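[1] Quick check, what structure comes out for this input:
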Amino acid sequence: KVRLMQENWIGRSKGLQMKWAWAGAAPAGFDDGLEIYTTRPDTLFGASFMGLAPDHPISKQLAEADPKVAAFVAECRKGGASQADIEQAEKIGWDTGLKVVHPFTGAEVSVWIANFILSDYGTGAIFACPAHDQRDLDFARKYDLPVIPVVRPEGAGDDFAVADEAYTGPGSIFHSDFLNGLDIETAKAEAIRRIEAAGTGEGATIYRLRDWGVSRQRYWGCPIPVIHCEACGVVPVPADQLPVELPKDVTFDVPGNPLDRHPTWKHVDCPSCGASARRETDTLDTFVDSSWYFARFADPKAAEPINKAAAAKWLPVDQYIGGVEHAVLHLLYARFITRALSDAGLMDVKEPFAGLFTQGMVVHETYFDGHEDSGKPRWVEPSDVRIETVDGKRVATRLSTGAPVTIGDIEKMSKSKKNVVAPQDIIAAYGVDAGRLFILSDSPPERDIQWSTGGVEGAARFVQRVWGEYASFNPAAPANADVDAALIRETHKAIKAVSEGVEHFRFNSAVAKLYAFLATIRQHDKAGAEAKKTALSALARLMAPFTPHLAEECWTQLGEAGMVLDAAWPVYDPALAADDQVTLPVQIGGKRRGEVVLPRGSDNATVEAAALANPTVQAYLAANNLSIRKVIVVPDRIVNLVAG
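    Model prediction:
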């Protein structure tokens with residue numbers, strides 16, 4: 001998921017960058033044509049109009065000359081500049097009166113300023129093919145512009161047309177002269193070849209990613225080591241004067257950057273000419289620091305920024321745990337800077353993190369009992385809400401006023417929406433271990449968890465049952481061979497399951513096994529003291545990462561030495577942890593036709609007899625008039641029947 005998010009953020013695309021000649025007078029500075037970028041050169045014959053971003057240089061030029069154009073551009077800017085804002089806004093445009101010449105047909109194509117075109121993607125100008133792009137189609141329908149289909153799905157004829165939904169699927173090219181009959185990818189390549197041959201453009205690869213502005217107008221951050229000199233310009237701070245340190249005598253009593261207001265720190269002599277100069281008062285974004293700190297951690301006392309040998313030994317980081325919100329921020333920057341450090345020869349590692357785990361968030365219902373004067377909901381804290389079921393529906397009431405409460409969406413806990421459950425209240429009511437256990441048990445850790453009072457109450461009951469089992473342990477209970485052996489086997493199965501859950505971040509599965517293991521111990525109430533203590537000792541250690549306080553109490557109650565915190569993690573015996581029975585698929589002709597369940601380690605004769613006696617297998621053989629020629633048994637794995 002994170003890799004896909006980063007890939008989309010970088011936005012690598014292959015297409016065609018070309019210039020369309022003007023039909024008539026050219027705007028000043030654009031005599032050689034209107035340059036556009038497109039990822040769909042296969043649809044050039046479907047061109048209906050040209051589009052300019054409101055911030056395109058030609059748009060600005062026209063706005064300076066015409067107040068009406070200026071007003072339109074200003075209206076576009078009000079709608080927001082992000083891609084999400086532009087996608088959601090109503091499509092609006094302005095006919096500039098300019099026209100260009102189609103490179104293949106010679107037809108004149110009108111040029112519009114349109115609010116849905118991004119100025120910082122490609123060239124900030126496009127050719128629009130409404131039949132095969134929804135935004136172009138919405139715009140064309142609004143302004144009664146041509147809609148020319150040039151890609152048709154398989155089986156469609158020359159009369160294929162689009163109505164209110166652009167066709168963006170696969171197909172073949174038509175209505176396109178020399179591209180007719182080609183598939184989309186072949187048509188793209190041929191269109192690019194023709195444009196390159198004409199000398200008006202070339203195939204190009206562009207990226208949606210833009211430069212990262214790393215300066216911040218604040219005190220907390222690493223100083224940017226440059227000096228501004230009127231005579232010399234921007235001058236780097238000499239290496240022997242690094243690092244530049246922040247002044248300690250700053251004040252925060254007025255808004256703004258305290259470094260910019262400091263009376264002495266920013267005033268220095270130019271390292272190049274000696275004249276009076278000024279330090280850069282912006283500081284580096286803290287994302288810069290967090291993009292390479294792990295390399296410094298390899299040897300934090302090294303004289304140089306990075307100890308290359310230590311970095312080679314310790315990096316990449318084996319396991320990174322962090323929120324998915326950092327996917328296209330910290331995590332992406334760290335990868336960029338690590339690659340840059342590697343290319344600069346400062347370390348040999350090219351990727352900073354070998355493993356990544358992104359945890360979910362704790363979410364909660366929101367509640368409100370009206371609206372503020374601003375129109376925003378008047379949020380109510382969960383502790384002030386009583387929820388009852390009336391006629392099969394959940395009905396909420398505010399405890400403090402008795403007023404009805406509306407149950408809102410389930411959202412990330414936040415103070416602004418008051419859907420926060422205070423940890424101290426949970427601890428006071430249920431204990432810290434119960435709260436921890438519920439959070440870890442409710443769902444896989446990569447997913448969000450919805451806070452539930454019922455869920456934490458269930459965890460608290462489990463804690464009580466666990467303590468009861470240790471409190472009632474009888475160290476004098478006599479041995480019981482069969483029961484003891486069964487309990488020991490179940491103990492090793494539990495150790496295996498919980499260990500695997502922890503190792504693979506399946507904490508909810510590990511907790512579920514703890515619940516099941518406690519139930520198993522209680523079922524084996526006739527077990528002798530030695531077997532019971534073995535099981536309880538393992539349970540205490542398995543619980544320690546999840547319920548550390550309970551685990552310590554149980555460990556002490558059991559009479560074990562020291563603290564469970566210092567005890568070794570239990571190790572299972574694979575032979576004892578294996579299931580007593582195995583399920584073997586029965587294949588005929590390489591396809592599964594049934595299965596048999598047998599004791600582990602059954603001999604080949606027993607397995608063969610069970611497979612041939614399986615009703616599903618017999619029915620298949622009879623229905624297909626087959627007889628068995630050979631039986632191949634892979635012990636405890638599979639049975640293959642060769643039939644003919």
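
[2] How is the residue lying closest to residue 54 once chain neighbours are set aside assigned, secondary-structure-wise?
    Nearest residue to residue 54 in three dimensions, chain neighbours excluded: residue 76, at 4.0 Å (CB to CB, 6 or more residues apart in numbering). Backbone N, C-alpha and C define where each C-beta goes, glycine included. Assigned with DSSP: H, G, I helix; E, B strand; the rest coil, residue 76 falls in the helix class.

[3] how near is residue 76 to residue 115?
    The spacing between residue 76 and residue 115, counted by CB to CB, to the nearest Å, is 4 Å.

[4] who touches both of those two?
    Shared contacts of residue 76 and residue 115 (CB atoms under 8 Å, 6 or more residues apart in numbering): 54, 92.

[5] circling back to that earlier point, what separates the residue nearest to residue 54 from residue 225, distance-wise?
    Between residue 76 and residue 225 the distance is 40 Å, computed by CB to CB.

[6] Could you check which of the two is surrounded by more residues?
    Neighbours were tallied for residue 76 and for residue 225 using other CB atoms under 10 Å; the higher tally belongs to residue 76 (23 against 16).

[7] is it true that that one touches residue 117?
    No - using CB atoms under 8 Å, residue 76 and residue 117 do not qualify as a contacting pair, with a distance of 9.5 Å.

[8] Which neighbours do those two have in common?
    Residues touching both residue 76 and residue 117 by CB under 8 Å, 6+ apart: residue 54.

[9] count of neighbours near residue 542?
    Other residues near residue 542 come to 26 when the count uses other CB under 10 Å.

[10] Pretty sure it sits against residue 498.
    Yes - under the criterion of CB under 8 Å, residue 542 makes contact with residue 498 at 4.7 Å.

[11] what touches both of those two?
    510, 514, 517.

[12] ok, of these, which one's closest to residue 169?
    Within the set of these, residue 510 lies nearest residue 169; the separation is 45.1 Å, counting by CB to CB.

[13] where exactly do the strands run in the stretch 301-450 of the chain?
    Along the stretch 301-450 of the chain, counting by DSSP state E, counting those that start in this stretch, strands occupy 320-321, 356-357, 362-371, 377-379, 385-390, 393-398, 404-412, 449-450.

[14] Equivalent analysis for the stretch 501-644 of the chain, please.
    581-588, 591-599, 628-634, 638-643.

[15] Partner strands of the longest one and their direction?
    It refers to strand 591-599. Within its sheet, strand 591-599 is paired with strand 581-588 (antiparallel), according to DSSP bridges.

[16] Now name the helix or strand holding residue 256.
    With the criterion set as DSSP states H and E, no secondary-structure element contains residue 256; it sits in neither a helix nor a strand.

[17] so can I have CSV of the strands of the stretch 301-450 of the chain showing mean neighbour count?
    Putting these into CSV (neighbours: other CB atoms under 10 Å) gives the following:
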stretch, mean neighbour count
strand 320-321, 15
strand 356-357, 15
strand 362-371, 17
strand 377-379, 15
strand 385-390, 11
strand 393-398, 14
strand 404-412, 14
strand 449-450, 17
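
[18] which stretch among those strands comes nearest residue 180?
    For the strands of the stretch 301-450 of the chain, proximity to residue 180 was assessed by CB to CB; strand 356-357 is nearest, at 47.7 Å.

[19] helices and strands around that closest one, which ones?
    With contacts taken as 3 or more CB pairs under 8 Å, 6 or more residues apart in numbering; DSSP states H and E, strand 356-357 sits against strand 320-321.

[20] how distant is the strand it packs on from the center of its chain?
    For strand 320-321, the distance between its averaged C-alpha position and the chain's averaged C-alpha position is 13 Å (CA atoms, centre = their mean, to the nearest Å).

[21] now it: mean pLDDT?
    This predicted structure assigns strand 320-321 an average pLDDT of 90.

[22] partner strands of it, parallel or antiparallel?
    Sheet pairing for strand 320-321, using DSSP bridges, gives strand 356-357 (parallel).

[23] Quickly list the domain ranges of the protein.
    As given by the TED database, the domain ranges for the chain are 1-207, 215-284, 287-359, 453-566, 581-643.

[24] Dump those domains into TSV; add distance to residue 443 as well.
    Below are the domains of the chain laid out as TSV (distance: least, CB to CB, whole Å):
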stretch	distance to residue 443
domain 1-207	16
domain 215-284	36
domain 287-359	11
domain 453-566	6
domain 581-643	28
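
[25] Out of these, which gets nearest to residue 419?
    Going by CB to CB, the one of the domains of the chain nearest residue 419 is domain 453-566, 13.3 Å.

[26] Can you get me a residue count around residue 615?
    Other residues near residue 615 number 8, with proximity taken as other CB under 10 Å.

[27] I meant to write residue 239 there.
    7.

[28] For it, give me the pLDDT.
    Listed pLDDT for residue 239 reads 92.

[29] and it, backbone torsions?
    Backbone geometry at residue 239, expressed as degrees, to the nearest 10, gives phi -60, psi -30.

[30] Would you mind stating the distance between it and residue 506?
    Using CB to CB, one gets 50 Å for the distance from residue 239 to residue 506.

[31] contacting residues for the residue nearest to residue 54?
    Residue 76 makes contact with 54, 92, 113, 115, according to CB under 8 Å, 6+ apart.

[32] So it versus residue 63, what's the distance?
    Counting by CB to CB, the separation of residue 76 from residue 63 is 10 Å.

[33] pull the CA atoms of the helix or strand residue 141 falls within into CSV?
    Here residue 141, judged by DSSP H and E, is contained in helix 134-142. As requested, the backbone C-alpha atoms of helix 134-142 are provided in CSV (Å, rounded to 0.1, in the frame of the first residue of the first chain):
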residue,chain,number,x,y,z
GLN,A,134,-14.5,12.5,-18.3
ARG,A,135,-13.3,16.0,-17.4
ASP,A,136,-12.9,17.0,-21.0
LEU,A,137,-16.4,15.5,-21.7
ASP,A,138,-18.0,17.5,-18.9
PHE,A,139,-16.4,20.6,-20.2
ALA,A,140,-17.3,20.0,-23.9
ARG,A,141,-21.0,19.3,-23.1
LYS,A,142,-21.2,22.5,-21.1
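
[34] mean confidence score for that helix?
    According to the model, helix 134-142 has a mean pLDDT of 96.
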